[in-house]
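Asker: Fold the following for me, if possible:
(2 chains)
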Amino acid sequence: MNDRVKAIIAKEWEEARKNSMVVLTAVIPALIFSVMPAFMVWSLRGQIGPFGAIPDEISRALFGQFLMYFILLPVIIPSTMASYSIIGEKQNRSLEPLLATPVTTEELLLGKSLASVIPSVALAWLTYGISVALVHAVGGPRFVTVIWRPEALAAMLLLSPAMAVLGMLLMVLISARSHDPREAQQWSVFIVLPAVGLSLGVTMGKIPVTVGLMVIAAAALAIIDVIMLRVVVAMFQRELILTRWK
Amino acid sequence: MIRAINLTKRFGDNLAVDGLTLETSDGEVLGLLGPNGAGKTTTIRMLACLIAPTAGEAWVAGRRVGEQNDAIRAEIGILTEAPGLYDKLSAYRNLDFFARMYGVPADEREKRIQKYLTMLGLWEKRNDPVGTFSKGMRQKMAIARTLLHEPRVLFLDEPTSGLDPEAAKTVRDFVEELRGQGRTVLLCTHNLEEADRLCDRIAIFKSRLIDLGTAEALREKLFGHQTVVRLRRPLAGIDEALRRLPLVKSVAVEGETITIDVARSGEANPAIVRMIVENGGEVMFVEEKRHSLEHVYLSLVGGSAQ
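Answerer: Purely as a prediction, here's the structure:
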């Protein structure tokens, strides 16, 4: 990572920290998602009884929900940051002086991507840790085993960052063709669909949850990420952005 | 330092720049003067490697546009039409970010930021967010950003546009200082007084190059030299006598005022004064009539429109 990429990341973080909208759209979902698994456990506790084993369908449903929350989270956060990151430049009219520097398109996109993916994934992992602690507090160790197990860790460590990168790249692509952050965020609804689909598949028992599957899914997503990065670099045409953005 | 040959840019059916050919020398301030929509910003964007020409060739700082774009960007400074700053960041952080983008070494960054912020009177405000700055302060910030990497070539797009007279004067003084430092400057403006004062040569431009030369040469080309003589009282028949002089092209008499178009005023004026005195005239004043650049510009641009 060269100094230009580091400078872009530092600048993006400083701007994001000072933008309450970006901070709130990152923190509020994280807070909600950290509480949701514990809330579900609290509502299920009565049905199972204090010492009973957790039935498979409940375990699957719980894990499916968990997957949705923690794969969705690192998709939602960078999408907000990325939309502000690109469209913010457009609105500030700062993109022209930036593109007039020797920064390459790859450096610019890498800097902006990492600036949104790194805190998003870190926040998702932190939220996961908090939610595990809350589930333990509400449901005890037997519920914790549903979300603190190798499949969950594989999902968090591998699938989650790969999804975050995909979400961010799609958002950069959408932002480059949108006129304001709200318009870009409206389009971002489509980015969460794969996470919702995965969650439904697991809940309905259609997708078996194994470490192997998580690794394969993460690898497939990583390949899609690389292809997507190339598409985004190719579509991020400096001239079109400068002459079409008003 | 800047060389363009038949540089052309077309956006769909709109021909924004039509076959521009010009060349600047080292340390020259060349003014690009034209009305709104004349293609001045498009020309700067092509030369700054921000957009690609549709046709033609250009070289900036000895490098060819389209082939060595990153190297050209590293050697030029561009002041865009809008300052384009990060409002939430401080003045210092804005400049530090751009210095890093231009690859200014870490040990040089602070010195240069301090140098330019001090020069432009903003050092005391270095920790304030630029979102709180006035328009003039923002423009000064944008100028400081343009200079951070000590570029050899500068493109300044409407540097005083929308500034109050005091801020505009500071910016103009600064451009004059840049000329003194031997940097090549391409200055886009529709402020004629500014162009007259700052530019070594002026390119009158409206999608295509209408004329190019020093302000003086453009005036002379259009209007030649005019000598105005004021007499104590009207002198009958003097117009006929003056027309017989070899360097006089035409004579207009209005009461005590005689306006004479001459080929070379320095050589013609002694003979004119002698002729008037010999014919009994009493000369009160002799002055050379100087057409404003505005007059030149309107004649050229108006003529091109027709």
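Asker: In this structure B:Thr43 contacts B:Asp18, no?
Answerer: No. At 10.7 Å, B:Thr43 does not count as touching B:Asp18 under the criterion of Cβ atoms under 8 Å. For every residue, glycine as well, the C-beta is placed using N, CA and C.
Asker: To which secondary structure element is residue 196 assigned?
Answerer: Since you didn't name a chain, this refers to chain A. helix A:193-203 (DSSP states H and E).
Asker: The intended chain is chain B.
Answerer: Using DSSP H and E, B:Asp196 falls within helix B:192-198.
Asker: Out of B:Thr43 and B:Asp18, name the residue with the larger neighbour count.
Answerer: The residue with more neighbours, out of B:Thr43 and B:Asp18, is B:Thr43; 29 against 18, by other Cβ atoms under 10 Å in any protein chain shown.
Asker: Contact partners for the more buried one?
Answerer: Contacts for B:Thr43 (Cβ atoms under 8 Å, 6 or more residues apart in numbering or on different chains) come out as B:4, B:7, B:9, B:17, B:20, B:32, B:188, B:205.
Asker: 7 Å instead, please
Answerer: Residues in contact with B:Thr43, defined by Cβ atoms under 7 Å, 6 or more residues apart in numbering or on different chains, are B:17, B:20, B:32.
Asker: and the gap between it and A:Ile76?
Answerer: From B:Thr43 across to A:Ile76, the span is 44 Å (Cβ to Cβ, to the nearest Å).
Asker: Same check on B:Ala268?
Answerer: 81 Å.
Asker: which of those two has more neighbours?
Answerer: Shown here are B:Ala268 and A:Ile76; by other Cβ under 10 Å, A:Ile76 has more neighbours (24 against 21).
Asker: what angle sits between the longest helix anywhere in chain A and helix A:193-203?
Answerer: Longest helix of chain A, by residue count under DSSP state H: helix A:56-92. Counting by axes from the mean of the first three to the mean of the last three Cα atoms, to 10 degrees, helix A:56-92 lies at 170 degrees to helix A:193-203.
Asker: What number of residues are in the vicinity of the residue of the stretch 101-250 of chain B found nearest chain A?
Answerer: Minimum separation of the stretch 101-250 of chain B from chain A (Cβ to the nearest Cβ) falls at B:Met101, amounting to 3.9 Å. The local packing of B:Met101 (other Cβ under 10 Å) involves 27 other residues.
Asker: My guess is it contacts A:Thr104. True?
Answerer: No. Counting by Cβ atoms under 7 Å, B:Met101 does not reach A:Thr104; the two are 10.8 Å apart.
Asker: How many residues are close by B:Ala241?
Answerer: 17.
Asker: Likewise for B:Lys111?
Answerer: 10.
Asker: any idea which element it lies in?
Answerer: Residue-wise, B:Lys111 maps onto helix B:106-119 under DSSP H and E.
Asker: again, but for B:Glu216
Answerer: According to DSSP H and E, B:Glu216 maps onto helix B:215-223.
Asker: which residues are in contact with stretch B:144-155?
Answerer: Here stretch B:144-155 has contacts from A:97, B:1-2, B:44, B:47-48, B:60-61, B:75-79, B:95, B:98-99, B:102, B:104, B:112, B:116-117, B:120, B:178, B:183-186, using Cβ under 7 Å, 6+ apart.
Asker: can you give me the end-to-end distance of it?
Answerer: One end of stretch B:144-155 sits 13 Å from the other (Cα to Cα, to the nearest Å).
Asker: Now do the buried residues in it.
Answerer: Across stretch B:144-155, burial judged by 16 or more other Cβ atoms under 10 Å in any protein chain shown covers B:144-149, B:151-155.
Asker: would CSV of those residues with pLDDT be doable?
Answerer: Shown next, in CSV, are these (pLDDT from 0 to 100):
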residue, pLDDT
B:Ala144, 92
B:Arg145, 94
B:Thr146, 93
B:Leu147, 91
B:Leu148, 93
B:His149, 93
B:Pro151, 93
B:Arg152, 89
B:Val153, 93
B:Leu154, 94
B:Phe155, 94
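Asker: From those residues, which land in helices?
Answerer: Counting by DSSP H, the buried residues of stretch B:144-155 place B:144-147 in helices.
Asker: So for B:Asp96, what's the pLDDT?
Answerer: For B:Asp96, the pLDDT comes out at 97.
Asker: Done for today, thanks.
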